[in-house]
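Colleague: sequence and predicted structure, then a few things I'm wondering about:
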There are 2 protein chains.
Amino acid sequence: MLIVVDPHSGVPVYRQIMDQVKFHVASGLLNAGDELPSTRALSSELGINPMTISKAYSYLEREGVVERRPGRPLVVKAFETNQIHDNRINQLRESLAATVTIAKQLGIRNDEAIAVFRELLENEANPQAPDNEGKEQS
Amino acid sequence: MLIVVDPHSGVPVYRQIMDQVKFHVASGLLNAGDELPSTRALSSELGINPMTISKAYSYLEREGVVERRPGRPLVVKAFETNQIHDNRINQLRESLAATVTIAKQLGIRNDEAIAVFRELLENEANPQAPDNEGKEQS
DNA sequence: GTTAGTGTATTACTTGACATATACACTAAT
DNA sequence: ATTAGTGTATATGTCAAGTAATACACTAAC
């Protein structure tokens, strides 16, 4: 269980923790029944308040990733093998949701947005990623 | 120039105004040289503070959509037809880049990722603010 | 100069998200 | 009951975003 947080990243600490736990579960590093670090242990390790850990854990419990047992450490919840994949899809969905909002606000058509996404996905194989070619202004 | 705002949509009013002006410019309803409604006129029409309009106008000016003339109404700036649209696509590309990385890390196939994206785009009727996904619900 | 139109700089208020401190509740072992 | 481990409810503090009130600056026409 390796967890690292950056308080200056702009991403809330509790969310960084959530994301890393979910990622570890999705990737198989954490399995059903595994215990999560105690709030106080993780708290002193990361130098942040136990309540912040608790908040992350609570949201994870609400999302069904971990199981709550009063007075006992939280454990990763059991799930069907297929749910691992579903879990991954859900993470992707979460990440895409923000982009959808942006596309919507910008008035970009669905097929255009999808074309851009496809292009990026297929270009990811190439380590050369020329992203800015003089498009900037302001 | 039809502008409508909903203060309860979760999207900041100044941004709603920006989006609609940009959309009207992109769609050709507004052309180079056209004057925008005065801040006070739009203000009383929408029932919001003139400064909120001004803020929207200022950002539009910074983005190169309109032109500022002290003491005179703002006018739509002359621009290449596709300039603004290209700009939007670039914003979208930026937002999607992070998601592509996640998809690759999770080992999700391109067609799966695209399917999820398409589904979310077509579901855009979802009126909820996109930045909290497990927040208050008391 | 005066008037009436324009935009906006400055300041302050409101609100919500985030992180924290404190105190409490639960469990297991003694 | 006590102790030591666990998680967390509640209240408070901090900060940034969004909005608003006020006062100012500019232009054009008289």
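Modeller: Perfect, thanks for sending it. Numbering: from 1, shown residues only, chains lettered A, B, ... in the order given.
Colleague: what about stretch A:64-77, distance to the chain center?
Modeller: Taking CA atoms, centre = their mean, to the nearest Å, the mean C-alpha location of stretch A:64-77 is offset from the chain mean by 19 Å.
Colleague: can that stretch be said to contact chain B?
Modeller: No - against chain B, stretch A:64-77 shows no contacts by CB under 8 Å from any CB of the partner chain, the least distance being 10.7 Å. C-beta here means a position set from N, CA and C on the backbone, and glycine is covered the same way.
Colleague: list every C-alpha atom in that stretch, with coordinates, as CSV.
Modeller: Provided in CSV are the C-alpha atoms of stretch A:64-77 (Å, rounded to 0.1, in the frame of the first residue of the first chain):
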residue,chain,number,x,y,z
GLY,A,64,-18.7,0.3,-2.3
VAL,A,65,-14.9,0.0,-2.6
VAL,A,66,-14.3,-0.8,1.1
GLU,A,67,-16.3,-2.2,3.9
ARG,A,68,-16.9,-0.5,7.2
ARG,A,69,-16.6,-2.4,10.5
PRO,A,70,-17.1,-0.3,13.6
GLY,A,71,-14.0,-0.1,15.7
ARG,A,72,-12.0,-2.2,13.2
PRO,A,73,-9.9,-1.3,10.2
LEU,A,74,-11.5,-0.9,6.9
VAL,A,75,-11.1,-3.8,4.5
VAL,A,76,-11.4,-3.9,0.7
LYS,A,77,-14.8,-5.3,-0.2
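Colleague: could I get the buried residue list for that stretch?
Modeller: A:V65, A:V66, A:L74, A:V75, A:V76, A:K77 (16 or more other CB atoms under 10 Å in any protein chain shown).
Colleague: may I ask which two of the residues you listed are separated the most?
Modeller: A:V65 and A:V75 (10.5 Å; CB to CB).
Colleague: where's the residue positioned nearest the centre of chain A relative to chain B, distance?
Modeller: Centroid check for chain A by CA atoms, centre = their mean gives A:D19 as the closest residue, at 3.0 Å. A:D19 is 9 Å from chain B, where distance means CB to the nearest CB, to the nearest Å.
Colleague: just the element for that residue, please.
Modeller: helix A:13-27 (DSSP states H and E).
Colleague: do A:V116 as well
Modeller: Per DSSP H and E: helix A:110-123 holds A:V116.
Colleague: for that helix, packing partners?
Modeller: Here helix A:110-123 touches helix A:81-106, helix B:83-105, helix B:110-122, going by 3 or more CB pairs under 8 Å, 6 or more residues apart in numbering or on different chains; DSSP states H and E.
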